[in-house]
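Enquirer: Have a look at this prediction, sequence included:
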Amino acid sequence: MAVGLRGECSAFVIRESGGLPAANWWLPPAHSPPISGCVRVEYVPGVIFEGKVTTVAASSTLVRAARRSRRITQARLAELTGIDQASVSHHERGRDAAYSTVDRLLAGTGHRLYAAPTRRDDAASSAEAIREHLRAHDTDRALRALLQLNDNLTAEHGLVRGILGLTEPERTGDRVWDAAIAALVAWRLNQEGIPLPGWVNDPDRTLTVPVVFRVDPADPAPAREDVPIEFAERGVLAWADTFASV
C-alpha cells in the first residue's frame, strides 16, 4: 500500500489486510477541498477513525462492523487479540474503551485506525440508526436517517465522500433497507467517479424481486426512468426526487 503526497496535501488512508486488490484514487483539488495539490491513494476497505480519540461512529459500531465483515465470532476475536470475550461483548454493546483497546480489537479483524477530515456520520453509523428505528417500527425516522446519510455524502467530495461509504455497515434486519443503503452509497460515489467499496455489490444487498421503496403506503410506484440506476440494479424502486436536498 502506498500513499503519495505533494505540496500541502494530506490524506487519511484506510488499510485492511488480506491481500485484497487496492483501488487508485487521483484527486485534483477541485474535487477534494481543502486538500491542495494531488493525492494518490491506494486503499482497500477498512474502518474510519476521526481525530485522535473521538470517532465519527461510536467505536462499538466500528468494532462490531469490522468483526462481522470478517465473519468472525466474538470468541474468535478474543483469541486473536488476547482480550477476554466478556470485554469484547461489553465494548460492542457500547461500554467505553481506551484507544489502545479499540486499536487492538480492530487489529484483530485486520483493520487500522486513521483520522478522517470530517465530522459527518458514515454509512455504518447511519445503518445502525436505521436498524434501531426499524426495531421500534418507526419507518419515518429510519427514512430521515437514510436521507441524512444522503445529505452527508453529497456535502463531501472526492476522497472524503468515499470514506463515508467505506466501512461495511451492519445489516438492518430488513433486506430492502440494506439494499437501499448500498444503492445510495453506490449512487453518490459513482457521481464523482469514486471506486466503490466491495460491500455495496454484495449479492445479499440485491433483491431478487424488485420492491417499491415505500414509507407511506400511498406512495405511487416510480417510473423506471425516475429510479437511479444503482437503485434499480439492486431491486429498490425509489424515486430519485426522494433524495433531493431541500
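Expert: Received it, and whenever you're ready, just let me know what you need.
Enquirer: Would you mind measuring from residue 224 to residue 139?
Expert: Distance, residue 224 to residue 139, using C-beta to C-beta, to the nearest Å: 24 Å. Bear in mind the C-beta positions are built from the backbone N, C-alpha and C, glycine included.
Enquirer: Neighbour count: those two, which is higher?
Expert: residue 139 (16 against 10; other C-beta atoms under 10 Å).
Enquirer: which residue packs closest to the more buried one, ignoring adjacent ones?
Expert: residue 215 (5.0 Å; C-beta to C-beta, 6 or more residues apart in numbering).
Enquirer: now residue 187
Expert: Nearest residue to residue 187 in three dimensions, chain neighbours excluded: residue 230, at 4.1 Å (C-beta to C-beta, 6+ apart).
Enquirer: Check which helices and strands whatever helix or strand the one you found lives in is in contact with.
Expert: Residue 230 belongs to helix 229-233 when assigned by DSSP states H and E. Applying 3 or more C-beta pairs under 8 Å, 6 or more residues apart in numbering; DSSP states H and E, we find helix 229-233 packed against helix 175-190.
Enquirer: With just CA atoms, put the helix it packs on into CSV.
Expert: The C-alpha trace of helix 175-190 is given here as CSV (Å, rounded to 0.1, in the frame of the first residue of the first chain):
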residue,chain,number,x,y,z
ARG,A,175,-33.2,-6.6,3.2
VAL,A,176,-35.0,-3.7,1.4
TRP,A,177,-33.3,-1.2,3.6
ASP,A,178,-29.9,-3.0,3.3
ALA,A,179,-30.2,-2.8,-0.5
ALA,A,180,-31.3,0.9,-0.3
ILE,A,181,-28.2,1.8,1.8
ALA,A,182,-25.9,0.0,-0.7
ALA,A,183,-27.7,1.7,-3.6
LEU,A,184,-27.4,5.1,-2.1
VAL,A,185,-23.7,4.8,-1.4
ALA,A,186,-23.0,3.4,-4.9
TRP,A,187,-25.1,6.2,-6.5
ARG,A,188,-23.4,9.1,-4.7
LEU,A,189,-19.9,7.6,-5.1
ASN,A,190,-20.4,6.9,-8.8
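Enquirer: Tell me how far that helix lies from the chain's centre.
Expert: Counting by C-alpha atoms, centre = their mean, to the nearest Å, helix 175-190 is centred 10 Å from the centre of its parent chain.
Enquirer: swap in stretch 94-106?
Expert: 20 Å.
Enquirer: Okay, buried residues for that stretch please.
Expert: Neighbour counts over stretch 94-106 (16 or more other C-beta atoms under 10 Å) mark 97, 101, 102, 103, 104, 105, 106 as buried.
Enquirer: and what of stretch 214-230?
Expert: 222, 227, 228, 230.
Enquirer: Enumerate every residue touching the last one.
Expert: Going back to what we said before, that points to residue 230. Counting by C-beta atoms under 8 Å, 6 or more residues apart in numbering, residue 230 touches 183, 184, 186, 187, 190.
Enquirer: Going by distance to residue 144, which of those wins?
Expert: Distance to residue 144, by C-beta to C-beta, is smallest for residue 184 among the contacts of residue 230, at 13.6 Å.
Enquirer: what about the closest residue to that closest one other than its chain neighbours, how many residues close to it?
Expert: Using C-beta to C-beta, 6+ apart and skipping residues adjacent in sequence, the residue nearest residue 184 is residue 150, 5.9 Å away. Per other C-beta under 10 Å, the neighbour tally for residue 150 reads 19.
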